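1. quick check, what structure comes out for this input:
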Amino acid sequence: MGRSNGPTILETKLLTAQVHPDDKVLPLAIWMAIEPVLADTAKPWLDWLAGIATTTQPLSRVLSHKAMRRLCDTRKAENLDLAVEFCDKIAEHDILLAHALDGLVKGQEGGVMKPLKDVSASLAKWRASANADVLKHAQTLAVLWGDETAVKEMIVALHDASKPEKDRIAVLQSLRKVKTDAVKEGLKPLLAPGTSTTLGVAAIRAAADLGGDEFIAPLITQAASKDFNLRIAALEALSSRATWTKAMLDAIAAEKVSASGFPAPVRRALATSKDKAIRDHAFKVLGAWQDSSEDVKSLIAQKKQVCLTGEPDLANGKLMFTATCMVCHEFHGGGQKVGPDLIGSGRSNLDALLANVIDPNQIIGNGYENFTVSTKDGRTLAGRVVEDTPGHVKLLGAGGAAQVVPRDQIASLTNTKQSLMPMGFGNLPDAAFRDMMWYILAPPEEGPLTPEKKKLLIQGVEVPETASKPKGTNWRAIDWESVSLWNPDWKVSAPDFERTPVKLAEYHGKTNVLLMHPFEKTKPASFERQMKVEKTKLKFSVAADDRGDWIVKAVVNGQVVKEVAVDHEKPRWKTVEVDLAKWKGQEVTVRLEAHASGWNMEFAYWGGIALQ
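-> Numbering: from 1, shown residues only. Alright, predicted model coming up:
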């Protein structure tokens, strides 16, 4: 299969073969064979598919949808002419046509592209269809391709308060791609006070896409709203364009918009703007922004004392969490999927949570780096990249706002090498910070915050499951971020074994201990580090469980250079030193391995790893 001059008899037989509904392999194989040549020589393949599509359903519905999307991805307008021609050929079959038109609509998400030929007759015919899906997709395409009548009809539907809100938002998502004066005028009424929160936020984001200084005044009004979601969306939109940003800062200086509770992601964007005038103006009206600090450890220690004194107000903590954290994180059924789900990430104990909140750049999960995109029309967008294709880049920003930017509209795409989560949460007032930290550590959904539970969370050991949790549910999963933070210079490799690895507050007189267990009898748990040897003495402390023992091995470039049996006899903590002088000045890989000695309680306790 896959000849560029057109399909063969074999290919036709394959497609016309009976495909079992549960067979996922054959349809995928057929599409993978068709896809490369469809993009290069579309016409013979579309003619072939149109000729057999009506008799090969439901398989041809999927292939038609994929083919239309693939033609859009080529970014060749002449291929859209062929796509419309294909849809006309199958127009008598509503369900098949609906799948193909849906593919065309989806293909426009990476940037609107219009056919070269006049397709108004085809659009009019599809828009008169009795099939609701055909009608909906045809209406969307007509709007995207600039049909003035369709645009007017869509604006009327947008303003129709009798329609379900989700339908009005769907209309808005189509209109926001059409940058005409009529659409901008049609959007303005939704930016006025009185619009529902969900529709209002969608309208604000549409205004940010459309651009134009006529939106500045209504967005300033929304930025002063008492509705938290509208205010945050408006401030994010205003910060995306230089002229809008300056107007926003002027409004804050004039006290038309409050500087209180200014969203940290937006504040960071202003502080790191390439425009010095914006940076200086933001400093003047919002105060200094401290994105990183040499004193971060002292700040963590200070905030830890705040959390250890006084009783937290968990109800207020939930309010703070909802307003600041849930715009990016999922937690107990709510929030957004911008950052990691917090149920099993970064909150195993107070120390881990403080480090993650106050210094989020210490460990950045793969895929959670903050990217900035500058567009050719003057916008600046930020978020994590969730799609990166030859045709477009899709960013997911705070609040779950998704932005699809066509490649041909990108002026620059930059990985900031920083976490999407900004620093600055350590600057919250002490009471608010304490309330929020304890709500994250011990939300009421996980049972009451008893003195015993609070003590365990402070010490850094696993909290027993409460009776209110379903049996068999490990509601506090292994916190790998906390484990990694124990010594960030070393990569941890250990199994999820009886709720290890885990960081402990204390074990036999030594504090800040990491507990792990080998994978199996022949596979050790380990720490690994690649480094250039400058300090030549490697020193660490190890201990065993009261009921077992294990073996520690130090390995340099695959060679065992030290081996020590670790038992529970005195002294409980064994200090091990490894001489690295032989490798001074060289790049080496060092592994510290925890081996089983007999597969009986080989829990390995580590009390620190240092180079001297």
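2. make it CA atoms for all contacts and neighbour counts henceforth
-> Noted.
3. can you give me the neighbour number for Q530?
-> Counted with other C-alpha atoms under 10 Å, the neighbours of Q530 add up to 15.
4. er, T414 actually
-> Counted with other C-alpha under 10 Å, residues neighbouring T414 total 11.
5. and it, what is it in contact with?
-> By C-alpha atoms under 8 Å, 6 or more residues apart in numbering, the residues touching T414 are F371, T372, V373.
6. out of these, who's nearest L144?
-> L144 has its nearest neighbour among these in V373, at 23.7 Å by C-alpha to C-alpha.
7. excluding its backbone neighbours, what's nearest that closest one?
-> L413 (4.7 Å; C-alpha to C-alpha, 6 or more residues apart in numbering).
8. the one you found reaches F371, doesn't it?
-> Yes: with contact defined as C-alpha atoms under 8 Å, L413 counts as touching F371 (7.0 Å).
9. dump the residue contacts of the residue nearest to V373.
-> Per C-alpha under 8 Å, 6+ apart, neighbours of L413: F371, T372, V373, S374.
10. same check, this time on V373
-> R379, T380, L381, A382, I410, A411, S412, L413, T414.
11. switch the cut-off to 7 Å
-> Contacts for V373 (C-alpha atoms under 7 Å, 6 or more residues apart in numbering) come out as T380, L381, A382, I410, S412, L413, T414.
12. rewinding a little: go through the contacts of L413 and flag which are in strands.
-> Among the contacts of L413, DSSP state E puts F371, T372, V373, S374 in strands.
13. for the residue lying closest to the second one once chain neighbours are set aside, give me phi and psi.
-> Using C-alpha to C-alpha, 6+ apart and skipping the chain neighbours, the partner closest in space to T372 is A382 (4.4 Å). Dihedral angles phi and psi of A382 (degrees, to the nearest 10) take the values phi -140, psi 150.
14. A382 and E369 touch, don't they?
-> No: the pair A382 and E369 does not pass the contact test of C-alpha atoms under 7 Å, sitting 10.2 Å apart.
15. returning to that earlier point: what pLDDT does the residue nearest to T372 get?
-> A382 is assigned 83 on the pLDDT scale.
16. got a ChimeraX select line for the buried ones in the contacts of V373?
-> Buried subset of these, written as a ChimeraX selection, criterion 16 or more other C-alpha atoms under 10 Å:
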select :380,381,382,410,413
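17. helices of the stretch 401-550 of the chain, residue ranges please.
-> Per DSSP state H, counting those that start in this stretch, the stretch 401-550 of the chain carries helices over the ranges 430-441, 451-459, 480-486.
18. residues of the second one that come out buried?
-> So the one you mean is helix 451-459. K453, K454, L456, L457, I458, Q459.
19. I'd like to know how far the second one sits from G447.
-> According to C-alpha to C-alpha, to the nearest Å, K454 and G447 sit 12 Å apart.
20. so how many other residues sit close to E255?
-> Counted with other C-alpha under 10 Å, the neighbours of E255 add up to 12.
21. how about K582?
-> Number of residues near K582 (other C-alpha under 10 Å) recorded here: 9.
22. the one 4 residues further on now?
-> Other residues near Q586 come to 12 when the count uses other C-alpha under 10 Å.
23. any regions of the protein where pLDDT drops low?
-> 1-24, 289-295, 333, 341-348, 362-366, 399, 459-479, 481, 505 (pLDDT under 70).
24. just the strands in the stretch 351-500 of the chain please.
-> 369-375, 380-388, 392-396, 402-406, 410-419, 491-493 (DSSP state E, counting those that start in this stretch).
25. out of those strands, which gets nearest to N229?
-> Nearest to N229 among those is strand 402-406 (15.7 Å), distances taken as C-alpha to C-alpha.
26. for that closest one, packing partners?
-> strand 392-396 (3 or more C-alpha pairs under 7 Å, 6 or more residues apart in numbering; DSSP states H and E).
27. ranking the strands of the stretch 351-500 of the chain by burial, who's on top?
-> With neighbours taken as mean count of other C-alpha atoms under 10 Å, the strands of the stretch 351-500 of the chain reach their highest mean count in strand 392-396, at a mean of 21.
28. partner strands of it and their direction?
-> Strand pairing for strand 392-396, using DSSP bridges, gives strand 380-388 (antiparallel), strand 402-406 (antiparallel).
29. let's have these in JSON lines, adding distance to K76.
-> Shown next, in JSON lines, are the strands paired with strand 392-396 (distance: least, C-alpha to C-alpha, whole Å):
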{"stretch": "strand 380-388", "distance to K76": "19"}
{"stretch": "strand 402-406", "distance to K76": "14"}
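30. which stretch among these comes nearest E255?
-> Closest of these to E255 is strand 380-388, at 25.2 Å (criterion: C-alpha to C-alpha).
31. tell me how far that closest one lies from the chain's centre.
-> 9 Å (C-alpha atoms, centre = their mean, to the nearest Å).
32. between it and strand 369-375, what angle do the directions make?
-> When axes from the mean of the first three to the mean of the last three C-alpha atoms, to 10 degrees is applied, the directions of strand 380-388 and strand 369-375 differ by 110 degrees.
33. give me the residues contacting strand 380-388.
-> With C-alpha under 7 Å, 6+ apart, strand 380-388 has contacts from 240-241, 367-374, 393-397, 420.
34. now with 6 Å, please.
-> The contact list for strand 380-388, computed with C-alpha atoms under 6 Å, 6 or more residues apart in numbering, reads 240, 368-374, 393-397.
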